[in-house]
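In: 3D, please:
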Amino acid sequence: MRNNLVIFLWAAFILMSVPTHSQEANYDESKVGTYILPDALTTNDGKKVTNQQQWEKTRRPEILKLFQDNEYGILPEAKIQTSYRVVEESEGAFGGKAIRRQVEITFNNDGKTRQMLVLLYMPKGVKKCPVFVSPNFQGNATTTTDPAVIESPFSTHERAHQASRWSYNRIIDSGYAVATFHYYDIYFDKDNMLSETIYPLFGINSNADLQDNTGKAIAAWAWGCSRVLDYLLTLRNIDKQRTIVMGHSRLGKAALWCGAMDQRFSMVISNNSGCSGAALSRRNYGETVSRINNVFPWWFCNKYQSYNRDVSSLPIDQHELLALIAPRPVYVASAQEDQWADPYGEFLSLQEASKVYALYGLETLEGCAYPAVNEPLWKGNCGYHIRTGIHDVTDYDWQCYIKFAEKIFFSAYGR
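Out: Numbers count the residues shown, from 1 in each chain. Here you go, the predicted model:
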(Lines give C-alpha, C1' and ligand atoms only; values in the text may rest on other atoms or scores of the structure.)
Protein backbone atom coordinates (compact mmCIF):
# COMPACT_ATOMS: atom_id res chain seq x y z
CA MET A 1 0.00 0.00 0.00
CA ARG A 2 2.80 2.36 0.95
CA ASN A 3 4.65 1.60 -2.27
CA ASN A 4 1.52 2.39 -4.27
CA LEU A 5 1.20 5.72 -2.46
CA VAL A 6 4.82 6.59 -3.20
CA ILE A 7 4.33 5.74 -6.87
CA PHE A 8 1.14 7.84 -6.99
CA LEU A 9 2.82 10.86 -5.37
CA TRP A 10 5.84 10.55 -7.64
CA ALA A 11 3.60 10.36 -10.74
CA ALA A 12 1.65 13.41 -9.55
CA PHE A 13 4.90 15.32 -9.07
CA ILE A 14 6.04 14.44 -12.59
CA LEU A 15 2.72 15.54 -14.09
CA MET A 16 2.82 18.84 -12.26
CA SER A 17 6.39 19.39 -13.42
CA VAL A 18 5.60 18.94 -17.12
CA PRO A 19 4.72 22.33 -18.63
CA THR A 20 1.53 22.53 -20.66
CA HIS A 21 -0.12 25.35 -22.55
CA SER A 22 -3.05 25.40 -20.14
CA GLN A 23 -0.79 25.63 -17.07
CA GLU A 24 1.40 28.41 -18.46
CA ALA A 25 -0.91 30.51 -20.59
CA ASN A 26 -3.62 33.01 -19.80
CA TYR A 27 -6.63 32.89 -22.10
CA ASP A 28 -8.78 35.29 -20.11
CA GLU A 29 -8.89 38.76 -21.65
CA SER A 30 -9.78 40.28 -18.28
CA LYS A 31 -6.42 39.05 -16.93
CA VAL A 32 -4.28 40.58 -19.65
CA GLY A 33 -3.61 43.59 -17.46
CA THR A 34 -2.54 47.07 -18.44
CA TYR A 35 0.50 47.86 -20.51
CA ILE A 36 2.07 50.82 -22.27
CA LEU A 37 3.40 50.33 -25.78
CA PRO A 38 6.54 52.05 -27.01
CA ASP A 39 5.59 54.81 -29.44
CA ALA A 40 6.79 53.99 -32.94
CA LEU A 41 6.48 57.68 -33.82
CA THR A 42 8.68 59.06 -31.03
CA THR A 43 12.45 59.02 -31.55
CA ASN A 44 14.94 57.86 -28.97
CA ASP A 45 15.54 61.49 -27.95
CA GLY A 46 11.83 62.18 -27.53
CA LYS A 47 11.02 63.96 -30.79
CA LYS A 48 7.72 63.30 -32.56
CA VAL A 49 7.86 61.87 -36.07
CA THR A 50 5.45 63.71 -38.34
CA ASN A 51 6.59 62.95 -41.89
CA GLN A 52 8.10 60.29 -44.12
CA GLN A 53 11.57 61.79 -44.09
CA GLN A 54 11.84 61.68 -40.28
CA TRP A 55 10.59 58.10 -40.31
CA GLU A 56 12.96 56.85 -42.98
CA LYS A 57 16.09 58.75 -41.96
CA THR A 58 15.79 58.68 -38.17
CA ARG A 59 13.10 56.60 -36.53
CA ARG A 60 13.08 53.53 -38.76
CA PRO A 61 16.85 52.94 -38.36
CA GLU A 62 16.48 53.39 -34.59
CA ILE A 63 13.75 50.77 -34.33
CA LEU A 64 15.56 48.37 -36.65
CA LYS A 65 18.67 48.55 -34.49
CA LEU A 66 16.63 47.98 -31.32
CA PHE A 67 15.25 44.76 -32.79
CA GLN A 68 18.73 43.72 -33.94
CA ASP A 69 20.24 44.33 -30.52
CA ASN A 70 17.46 42.98 -28.32
CA GLU A 71 15.40 40.33 -30.13
CA TYR A 72 16.23 38.93 -33.57
CA GLY A 73 19.92 39.74 -33.60
CA ILE A 74 22.21 40.26 -36.56
CA LEU A 75 24.49 38.04 -38.60
CA PRO A 76 28.20 38.93 -38.77
CA GLU A 77 29.50 40.34 -42.01
CA ALA A 78 31.03 37.70 -44.24
CA LYS A 79 32.10 37.43 -47.87
CA ILE A 80 30.00 34.44 -48.86
CA GLN A 81 30.24 33.25 -52.45
CA THR A 82 26.97 32.03 -53.96
CA SER A 83 26.34 29.89 -57.01
CA TYR A 84 23.19 28.45 -58.63
CA ARG A 85 22.66 25.14 -60.38
CA VAL A 86 19.40 23.99 -61.92
CA VAL A 87 19.20 20.30 -61.00
CA GLU A 88 15.80 19.60 -62.56
CA GLU A 89 13.31 21.43 -64.75
CA SER A 90 10.09 20.60 -66.57
CA GLU A 91 7.37 22.50 -68.41
CA GLY A 92 4.83 19.79 -67.65
CA ALA A 93 4.05 20.52 -64.00
CA PHE A 94 0.42 20.52 -62.88
CA GLY A 95 -0.92 19.15 -66.13
CA GLY A 96 1.30 21.37 -68.25
CA LYS A 97 0.18 24.74 -66.89
CA ALA A 98 3.35 25.39 -64.88
CA ILE A 99 7.12 25.23 -65.11
CA ARG A 100 8.82 23.36 -62.28
CA ARG A 101 12.41 24.23 -61.54
CA GLN A 102 14.58 22.85 -58.73
CA VAL A 103 17.63 24.95 -58.00
CA GLU A 104 20.58 24.12 -55.79
CA ILE A 105 22.04 27.23 -54.17
CA THR A 106 25.57 26.73 -52.85
CA PHE A 107 27.23 29.00 -50.30
CA ASN A 108 31.01 29.03 -49.78
CA ASN A 109 33.28 30.86 -47.39
CA ASP A 110 36.62 30.09 -45.77
CA GLY A 111 36.62 26.50 -47.00
CA LYS A 112 33.12 25.75 -45.73
CA THR A 113 30.13 24.90 -47.92
CA ARG A 114 26.38 24.78 -47.35
CA GLN A 115 23.57 24.13 -49.81
CA MET A 116 19.84 24.77 -50.02
CA LEU A 117 17.41 23.31 -52.54
CA VAL A 118 14.72 25.63 -53.86
CA LEU A 119 11.52 24.36 -55.46
CA LEU A 120 10.06 26.91 -57.86
CA TYR A 121 6.76 26.71 -59.74
CA MET A 122 6.03 29.35 -62.39
CA PRO A 123 2.81 29.68 -64.41
CA LYS A 124 3.30 29.28 -68.14
CA GLY A 125 2.30 32.13 -70.41
CA VAL A 126 2.88 34.87 -67.82
CA LYS A 127 5.70 37.19 -68.92
CA LYS A 128 6.23 38.77 -65.50
CA CYS A 129 5.17 36.61 -62.56
CA PRO A 130 4.64 38.04 -59.09
CA VAL A 131 6.21 35.54 -56.70
CA PHE A 132 5.68 34.18 -53.20
CA VAL A 133 8.78 33.13 -51.25
CA SER A 134 7.76 30.83 -48.42
CA PRO A 135 9.92 28.30 -46.53
CA ASN A 136 8.50 24.94 -45.50
CA PHE A 137 8.84 22.76 -42.39
CA GLN A 138 9.21 19.20 -43.66
CA GLY A 139 10.95 19.27 -47.03
CA ASN A 140 9.97 20.35 -50.53
CA ALA A 141 8.50 16.97 -51.42
CA THR A 142 6.07 17.14 -48.50
CA THR A 143 4.41 20.23 -50.01
CA THR A 144 3.10 18.45 -53.13
CA THR A 145 2.06 15.18 -54.72
CA ASP A 146 4.37 15.97 -57.64
CA PRO A 147 6.59 12.84 -57.91
CA ALA A 148 9.44 14.75 -59.52
CA VAL A 149 10.11 16.94 -56.51
CA ILE A 150 13.35 15.94 -54.80
CA GLU A 151 13.06 14.79 -51.20
CA SER A 152 14.96 16.55 -48.45
CA PRO A 153 17.74 14.53 -46.78
CA PHE A 154 16.56 16.01 -43.46
CA SER A 155 12.89 15.07 -43.80
CA THR A 156 11.30 12.12 -42.02
CA HIS A 157 7.87 12.65 -43.60
CA GLU A 158 6.34 11.15 -46.71
CA ARG A 159 5.64 13.00 -49.93
CA ALA A 160 2.64 15.38 -49.78
CA HIS A 161 2.50 15.12 -45.98
CA GLN A 162 1.72 18.85 -45.75
CA ALA A 163 0.33 19.40 -49.25
CA SER A 164 -2.87 20.85 -47.78
CA ARG A 165 -0.87 23.91 -46.74
CA TRP A 166 0.28 24.65 -50.27
CA SER A 167 -2.43 25.82 -52.68
CA TYR A 168 -0.16 25.49 -55.69
CA ASN A 169 -3.02 25.19 -58.19
CA ARG A 170 -4.69 28.35 -56.90
CA ILE A 171 -1.38 30.25 -56.86
CA ILE A 172 -0.46 29.19 -60.40
CA ASP A 173 -3.98 29.76 -61.78
CA SER A 174 -3.80 33.30 -60.36
CA GLY A 175 -0.66 34.00 -62.38
CA TYR A 176 1.77 33.86 -59.43
CA ALA A 177 4.99 31.94 -59.04
CA VAL A 178 5.95 30.34 -55.72
CA ALA A 179 9.34 29.34 -54.33
CA THR A 180 9.91 27.23 -51.23
CA PHE A 181 12.79 25.56 -49.39
CA HIS A 182 13.17 23.29 -46.38
CA TYR A 183 14.11 25.47 -43.44
CA TYR A 184 16.51 22.80 -42.15
CA ASP A 185 18.72 23.59 -45.17
CA ILE A 186 19.54 26.84 -43.37
CA TYR A 187 19.26 26.14 -39.65
CA PHE A 188 18.21 22.98 -37.84
CA ASP A 189 15.23 23.67 -35.59
CA LYS A 190 16.99 22.08 -32.63
CA ASP A 191 19.30 23.16 -29.86
CA ASN A 192 23.06 22.59 -29.99
CA MET A 193 23.09 22.09 -33.77
CA LEU A 194 24.74 25.38 -34.66
CA SER A 195 27.80 23.81 -36.26
CA GLU A 196 25.55 22.02 -38.78
CA THR A 197 23.80 25.23 -39.89
CA ILE A 198 24.93 28.05 -42.17
CA TYR A 199 26.69 29.71 -39.24
CA PRO A 200 30.21 28.30 -39.84
CA LEU A 201 30.08 30.36 -43.06
CA PHE A 202 30.05 33.39 -40.76
CA GLY A 203 32.88 32.12 -38.56
CA ILE A 204 30.48 30.88 -35.85
CA ASN A 205 31.05 27.23 -34.97
CA SER A 206 29.56 26.90 -31.49
CA ASN A 207 27.43 28.75 -28.96
CA ALA A 208 30.62 30.09 -27.43
CA ASP A 209 31.11 32.21 -30.56
CA LEU A 210 27.77 33.98 -30.15
CA GLN A 211 27.57 37.58 -28.99
CA ASP A 212 24.55 38.88 -27.08
CA ASN A 213 23.10 40.30 -30.28
CA THR A 214 24.07 37.51 -32.69
CA GLY A 215 20.97 36.27 -34.47
CA LYS A 216 20.11 32.60 -34.37
CA ALA A 217 17.44 30.50 -36.10
CA ILE A 218 14.86 33.21 -36.87
CA ALA A 219 17.54 35.48 -38.30
CA ALA A 220 18.99 32.59 -40.31
CA TRP A 221 15.66 31.57 -41.84
CA ALA A 222 15.04 35.20 -42.76
CA TRP A 223 18.48 35.27 -44.39
CA GLY A 224 17.53 32.15 -46.37
CA CYS A 225 14.41 33.86 -47.76
CA SER A 226 16.56 36.74 -48.98
CA ARG A 227 18.95 34.37 -50.68
CA VAL A 228 16.05 32.83 -52.59
CA LEU A 229 15.05 36.33 -53.66
CA ASP A 230 18.63 36.93 -54.88
CA TYR A 231 18.15 34.06 -57.31
CA LEU A 232 14.63 35.02 -58.36
CA LEU A 233 15.75 38.51 -59.27
CA THR A 234 18.10 37.00 -61.88
CA LEU A 235 15.13 35.54 -63.80
CA ARG A 236 13.60 37.50 -66.67
CA ASN A 237 10.07 36.21 -66.09
CA ILE A 238 9.87 37.15 -62.40
CA ASP A 239 8.25 40.50 -61.63
CA LYS A 240 10.88 42.27 -59.55
CA GLN A 241 8.36 44.84 -58.31
CA ARG A 242 5.92 42.26 -56.95
CA THR A 243 7.78 39.91 -54.62
CA ILE A 244 6.13 38.55 -51.48
CA VAL A 245 7.63 36.82 -48.45
CA MET A 246 5.15 34.67 -46.53
CA GLY A 247 5.66 32.41 -43.52
CA HIS A 248 3.62 30.36 -41.06
CA SER A 249 4.15 30.10 -37.29
CA ARG A 250 7.87 30.41 -36.45
CA LEU A 251 8.51 30.93 -40.14
CA GLY A 252 5.95 33.73 -39.98
CA LYS A 253 8.24 35.38 -37.44
CA ALA A 254 11.11 34.86 -39.88
CA ALA A 255 9.06 36.31 -42.76
CA LEU A 256 8.31 39.46 -40.77
CA TRP A 257 11.94 39.89 -39.80
CA CYS A 258 13.02 39.23 -43.38
CA GLY A 259 10.56 41.83 -44.66
CA ALA A 260 11.79 44.36 -42.13
CA MET A 261 15.43 43.78 -43.06
CA ASP A 262 15.08 43.26 -46.82
CA GLN A 263 13.14 46.07 -48.44
CA ARG A 264 13.35 44.39 -51.84
CA PHE A 265 10.31 42.37 -50.80
CA SER A 266 7.24 44.23 -52.00
CA MET A 267 4.82 42.60 -49.56
CA VAL A 268 5.11 40.70 -46.27
CA ILE A 269 2.66 38.11 -44.93
CA SER A 270 2.51 36.65 -41.42
CA ASN A 271 0.37 33.53 -40.96
CA ASN A 272 -0.32 32.67 -37.28
CA SER A 273 3.09 34.01 -36.21
CA GLY A 274 2.00 34.80 -32.62
CA CYS A 275 4.46 35.61 -29.86
CA SER A 276 7.58 37.43 -31.05
CA GLY A 277 5.95 37.56 -34.47
CA ALA A 278 2.91 39.75 -35.08
CA ALA A 279 1.37 39.58 -31.57
CA LEU A 280 2.09 42.22 -28.96
CA SER A 281 4.64 40.95 -26.43
CA ARG A 282 3.33 43.05 -23.54
CA ARG A 283 -0.04 41.30 -23.51
CA ASN A 284 -0.28 38.52 -20.96
CA TYR A 285 -2.16 36.20 -23.30
CA GLY A 286 -1.23 32.87 -24.87
CA GLU A 287 2.45 32.26 -25.43
CA THR A 288 4.81 34.69 -23.71
CA VAL A 289 8.35 35.92 -24.26
CA SER A 290 9.48 33.96 -21.20
CA ARG A 291 7.97 30.72 -22.42
CA ILE A 292 9.24 31.04 -26.00
CA ASN A 293 12.78 31.78 -24.83
CA ASN A 294 12.80 28.91 -22.35
CA VAL A 295 11.47 26.33 -24.80
CA PHE A 296 13.20 27.59 -27.96
CA PRO A 297 16.45 29.23 -26.80
CA TRP A 298 17.97 28.78 -30.25
CA TRP A 299 15.47 31.06 -32.02
CA PHE A 300 16.41 34.55 -30.86
CA CYS A 301 19.56 36.36 -29.82
CA ASN A 302 20.80 35.80 -26.27
CA LYS A 303 19.93 39.33 -25.19
CA TYR A 304 16.21 38.59 -25.67
CA GLN A 305 16.29 36.19 -22.73
CA SER A 306 17.13 39.05 -20.37
CA TYR A 307 13.54 40.28 -20.73
CA ASN A 308 11.90 37.03 -19.61
CA ARG A 309 10.99 38.35 -16.17
CA ASP A 310 10.13 41.90 -17.21
CA VAL A 311 8.76 42.16 -20.74
CA SER A 312 7.77 45.78 -20.08
CA SER A 313 11.46 46.68 -20.08
CA LEU A 314 11.77 45.70 -23.74
CA PRO A 315 12.55 48.88 -25.67
CA ILE A 316 10.38 47.68 -28.57
CA ASP A 317 7.19 45.71 -29.18
CA GLN A 318 5.92 43.82 -32.19
CA HIS A 319 3.79 46.63 -33.66
CA GLU A 320 7.08 48.34 -34.39
CA LEU A 321 8.28 45.30 -36.31
CA LEU A 322 5.19 45.56 -38.51
CA ALA A 323 5.77 49.31 -38.82
CA LEU A 324 9.25 48.63 -40.26
CA ILE A 325 7.51 47.21 -43.33
CA ALA A 326 5.74 50.53 -44.09
CA PRO A 327 4.75 51.71 -46.60
CA ARG A 328 4.92 48.29 -48.27
CA PRO A 329 1.82 46.09 -47.89
CA VAL A 330 1.67 43.86 -44.81
CA TYR A 331 -0.88 41.15 -44.09
CA VAL A 332 -1.42 39.48 -40.71
CA ALA A 333 -3.59 36.36 -40.43
CA SER A 334 -4.89 34.58 -37.33
CA ALA A 335 -6.95 31.46 -36.60
CA GLN A 336 -9.93 31.33 -34.24
CA GLU A 337 -8.80 28.20 -32.40
CA ASP A 338 -5.16 29.31 -32.24
CA GLN A 339 -5.47 31.27 -29.01
CA TRP A 340 -1.88 30.33 -28.15
CA ALA A 341 -0.83 32.82 -30.85
CA ASP A 342 -3.09 35.57 -29.39
CA PRO A 343 -5.16 36.52 -32.47
CA TYR A 344 -6.50 39.68 -30.86
CA GLY A 345 -2.97 40.71 -29.92
CA GLU A 346 -1.95 40.23 -33.56
CA PHE A 347 -4.77 42.51 -34.70
CA LEU A 348 -3.98 45.18 -32.10
CA SER A 349 -0.35 45.10 -33.18
CA LEU A 350 -1.24 45.70 -36.83
CA GLN A 351 -3.73 48.39 -35.85
CA GLU A 352 -1.05 50.25 -33.91
CA ALA A 353 1.53 49.78 -36.70
CA SER A 354 -0.86 51.26 -39.24
CA LYS A 355 -0.29 54.70 -37.68
CA VAL A 356 3.06 54.75 -39.44
CA TYR A 357 1.33 54.09 -42.77
CA ALA A 358 -0.57 57.35 -42.26
CA LEU A 359 2.72 59.19 -42.83
CA TYR A 360 2.45 58.02 -46.44
CA GLY A 361 -1.14 59.17 -46.84
CA LEU A 362 -2.52 55.63 -46.55
CA GLU A 363 -5.65 54.54 -44.74
CA THR A 364 -5.09 53.04 -41.30
CA LEU A 365 -6.87 50.57 -39.04
CA GLU A 366 -7.36 53.16 -36.32
CA GLY A 367 -10.92 53.04 -35.02
CA CYS A 368 -11.67 49.75 -36.77
CA ALA A 369 -13.40 47.08 -34.70
CA TYR A 370 -11.95 43.59 -34.49
CA PRO A 371 -13.32 41.89 -37.61
CA ALA A 372 -15.69 38.94 -37.55
CA VAL A 373 -14.35 35.48 -38.32
CA ASN A 374 -13.83 34.89 -42.04
CA GLU A 375 -14.42 38.55 -42.88
CA PRO A 376 -11.08 40.07 -43.96
CA LEU A 377 -10.36 43.70 -43.11
CA TRP A 378 -8.19 45.62 -45.55
CA LYS A 379 -7.31 49.29 -45.13
CA GLY A 380 -4.68 51.01 -47.20
CA ASN A 381 -1.68 48.68 -47.32
CA CYS A 382 -2.65 46.74 -44.18
CA GLY A 383 -4.64 43.50 -44.28
CA TYR A 384 -5.95 41.20 -41.55
CA HIS A 385 -8.23 38.24 -41.16
CA ILE A 386 -9.12 35.68 -38.52
CA ARG A 387 -10.50 32.47 -39.95
CA THR A 388 -12.15 29.44 -38.49
CA GLY A 389 -9.87 26.54 -37.63
CA ILE A 390 -6.58 25.76 -35.98
CA HIS A 391 -2.92 26.77 -36.21
CA ASP A 392 -2.38 25.96 -39.88
CA VAL A 393 -2.21 27.33 -43.42
CA THR A 394 -5.37 26.76 -45.46
CA ASP A 395 -6.63 27.38 -48.96
CA TYR A 396 -8.75 30.19 -47.48
CA ASP A 397 -5.57 31.91 -46.29
CA TRP A 398 -3.98 31.69 -49.73
CA GLN A 399 -7.19 32.94 -51.32
CA CYS A 400 -7.08 36.03 -49.09
CA TYR A 401 -3.38 36.66 -49.73
CA ILE A 402 -3.83 36.50 -53.49
CA LYS A 403 -6.88 38.77 -53.45
CA PHE A 404 -5.04 41.28 -51.27
CA ALA A 405 -2.02 41.18 -53.57
CA GLU A 406 -4.27 41.67 -56.60
CA LYS A 407 -5.90 44.66 -54.93
CA ILE A 408 -2.56 46.25 -54.07
CA PHE A 409 -0.53 45.32 -57.12
CA PHE A 410 -3.01 45.50 -59.96
CA SER A 411 -6.17 47.41 -58.96
CA ALA A 412 -5.01 50.71 -60.42
CA TYR A 413 -3.69 49.63 -63.80
CA GLY A 414 -4.53 45.94 -64.17
CA ARG A 415 -2.04 43.41 -65.43
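In: and for the closest residue to Gly175 other than its chain neighbours, the neighbour number?
Out: Spatial nearest neighbour of Gly175, excluding adjacent residues (Cβ to Cβ, 6 or more residues apart in numbering): Val126 at 5.0 Å. The C-beta positions use only the backbone N, C-alpha and C, and glycine is treated the same way. Val126: 18 surrounding residues under other Cβ atoms under 10 Å.
In: point me to the helix or strand that includes Val126.
Out: Take DSSP states H and E as the rule and Val126 turns out to sit in neither a helix nor a strand.
In: thought Ile238 was touching it, still the case?
Out: No - using Cβ atoms under 8 Å, Val126 makes no contact with Ile238, being 10.0 Å away.
In: which parts of the stretch 251-400 of the chain are strands?
Out: 267-271, 330-335, 377-379, 382-387 (DSSP state E, counting those that start in this stretch).
In: adding mean neighbour count, mean pLDDT and distance to Gln54, write those strands out as TSV.
Out: Shown next, in TSV, are these (neighbours: other Cβ atoms under 10 Å; pLDDT from 0 to 100; distance: least, Cβ to Cβ, whole Å):
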stretch	mean neighbour count	mean pLDDT	distance to Gln54
strand 267-271	28	98	22
strand 330-335	27	98	20
strand 377-379	18	97	23
strand 382-387	25	98	21
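In: closest one to Ile408 among those?
Out: In terms of Cβ to Cβ, the element of the strands of the stretch 251-400 of the chain nearest to Ile408 is strand 267-271, at 6.9 Å.
In: what pairs with that closest one, parallel or antiparallel?
Out: In the sheet, strand 267-271 lines up against strand 238-248 (parallel), strand 330-335 (parallel) (DSSP bridges).
In: got a list of contacts for the longest one?
Out: Which is strand 238-248. Residues outside strand 238-248 that contact it (Cβ atoms under 8 Å, 6 or more residues apart in numbering) are 122, 128-135, 165, 177, 221, 225, 229, 232-233, 253-256, 258-259, 262, 264-273, 392-393, 401, 405, 409.
In: which of these are buried?
Out: The neighbour count (16 or more other Cβ atoms under 10 Å) marks 122, 129-135, 165, 177, 221, 225, 229, 232, 253-256, 258-259, 262, 265-273, 392-393, 401, 405, 409 as buried among those.
In: quick one, what contacts Arg170?
Out: Counting by Cβ under 8 Å, 6+ apart, Arg170 touches 395, 398-399, 402.
In: which residue is nearest the middle of this structure?
Out: Geometric centre of the chain, nearest residue: Gly252, 2.2 Å, by Cα atoms, centre = their mean.
In: what about the helices in the stretch 201-350 of the chain?
Out: With DSSP state H, counting those that start in this stretch as the criterion, the stretch 201-350 of the chain has helices at 217-232, 250-261, 289-295, 318-323, 343-357.
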